[in-house]
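Novice: How does the following fold in three dimensions:
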Amino acid sequence: MDDHAIVALYWARDERALTETAAKFGAYCRKIAMNLLASLPDAEEVENDTWLAAWDSMPENRPARLAPYLGRITRNLALDRLGQAAAQKRGGGQAALLLDELAECLPAPDRVEQEVEAAELARQISAFLRAQPEPARSMFLRRYWYGDAIGEIAVRYGMPTGRVRVTLHRTRARLRQALEREGVTV
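Specialist: Coordinates of the predicted model:
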C-alpha cells in the first residue's frame, strides 16, 4: 500500500492504518530504535509507541512521505526513552557516543535558547548537508540521524571502517567551519 493510501486510512480513523504502517515501516522504525537503544524489547515498545503517536498526530498532519515522518517520531521517542533509562542508571545504545562525536561541531544546548535559533541552526545544517558530496552526506545521515554503527556504514558503502571514520571526521570539521562562518558559536 502506498503512503497516500495509508495516510487516507489514518484520516478516516481506520485501524487498518496501523497494521499497514507496521507492515511497511516496522523494520525501518525498529532499526532506528535499536541503533539508539540497543535493546530489542525497548525498540519494539518504541515502535508500537510510534504507531500510537502517528495515530494521534495524523489529524493535524498529512505527510506526503511516511518514512521520514515515522522515522522522526521513532527517533524522538527512542531518545526520550534513552533519557529515561539514563536517569534510572540503565543507559545503553550508542546515542551518547553519537552526541559526543557531534559535540565538537555543534553549539552547547544552553547557547540555543530560543526555538527560532534552533530552527535556524537546523536550516544551516540542512543547507550544509545538501552541499556535501555523496557518499559523505549519506554517511553523515546514516551515522547521526539513523544511528548506524561505523561498521554498518562501511559495509553499506563497501569501504574500510577507517575511511568511514575519516570521512565523518572531515565532514564534522567542515560543518563546524560552516557554522562558525554563519556566526554560530560552537
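
Novice: can you pull the contacts of the spatially most central residue of the chain?
Specialist: Centroid-nearest residue in the chain, with C-alpha atoms, centre = their mean: residue 145, separated by 3.3 Å. Contact analysis of residue 145 by C-beta atoms under 8 Å, 6 or more residues apart in numbering lists 71, 75. Quick note: C-beta positions are derived from backbone N, CA and C, even for glycine.

Novice: switch the cut-off to 10 Å
Specialist: Contact analysis of residue 145 by C-beta atoms under 10 Å, 6 or more residues apart in numbering lists 32, 35, 68, 71, 72, 75, 98, 129.

Novice: Same check on residue 1?
Specialist: Residue 1 touches 8, 9, 16, 17, 19, 20, 21, 23, 24, counting by C-beta under 10 Å, 6+ apart.

Novice: Next: residue 34.
Specialist: Residue 34 is in contact with 40, 42, 43, 44, 46, 47, 78, 93, 147, counting by C-beta under 10 Å, 6+ apart.

Novice: Please repeat the previous calculation with a cut-off of 7 Å.
Specialist: By C-beta atoms under 7 Å, 6 or more residues apart in numbering, the residues touching residue 34 are 40, 43.

Novice: Residue 140 too?
Specialist: Listed by C-beta under 7 Å, 6+ apart, the contact set of residue 140 reads 129, 168, 171.

Novice: which SSE is it in?
Specialist: Assessed by DSSP states H and E, residue 140 sits inside helix 136-144.

Novice: tell me how far that helix is from the chain's mean position?
Specialist: 11 Å (C-alpha atoms, centre = their mean, to the nearest Å).

Novice: How about stretch 61-73?
Specialist: 12 Å.

Novice: Can you list the neighbours in contact with it?
Specialist: So stretch 61-73 is contacted by 3, 6, 7, 25, 28, 29, 32, 50, 53, 54 (C-beta under 7 Å, 6+ apart).

Novice: Apply 8 Å and report the result again.
Specialist: Stretch 61-73 is contacted by residues 3-4, 6-7, 11, 21, 24-25, 28-29, 32, 50, 53-54, 57, 145-146 when judged by C-beta under 8 Å, 6+ apart.

Novice: Over to stretch 15-23?
Specialist: 1, 5, 6, 9, 10, 47, 51, 54, 55, 58, 66, 70.

Novice: Take these and write them to JSON lines, including secondary structure, pLDDT and distance to residue 120.
Specialist: Shown next, in JSON lines, are the contacts of stretch 15-23 (DSSP: H, G, I helix; E, B strand; the rest coil; pLDDT from 0 to 100; distance: C-beta to C-beta, whole Å):
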{"residue": "1", "secondary structure": "coil", "pLDDT": "89", "distance to residue 120": "37"}
{"residue": "5", "secondary structure": "helix", "pLDDT": "93", "distance to residue 120": "36"}
{"residue": "6", "secondary structure": "helix", "pLDDT": "94", "distance to residue 120": "33"}
{"residue": "9", "secondary structure": "helix", "pLDDT": "93", "distance to residue 120": "36"}
{"residue": "10", "secondary structure": "helix", "pLDDT": "92", "distance to residue 120": "31"}
{"residue": "47", "secondary structure": "helix", "pLDDT": "95", "distance to residue 120": "32"}
{"residue": "51", "secondary structure": "helix", "pLDDT": "95", "distance to residue 120": "32"}
{"residue": "54", "secondary structure": "helix", "pLDDT": "93", "distance to residue 120": "28"}
{"residue": "55", "secondary structure": "helix", "pLDDT": "92", "distance to residue 120": "32"}
{"residue": "58", "secondary structure": "coil", "pLDDT": "82", "distance to residue 120": "28"}
{"residue": "66", "secondary structure": "helix", "pLDDT": "92", "distance to residue 120": "27"}
{"residue": "70", "secondary structure": "helix", "pLDDT": "94", "distance to residue 120": "26"}
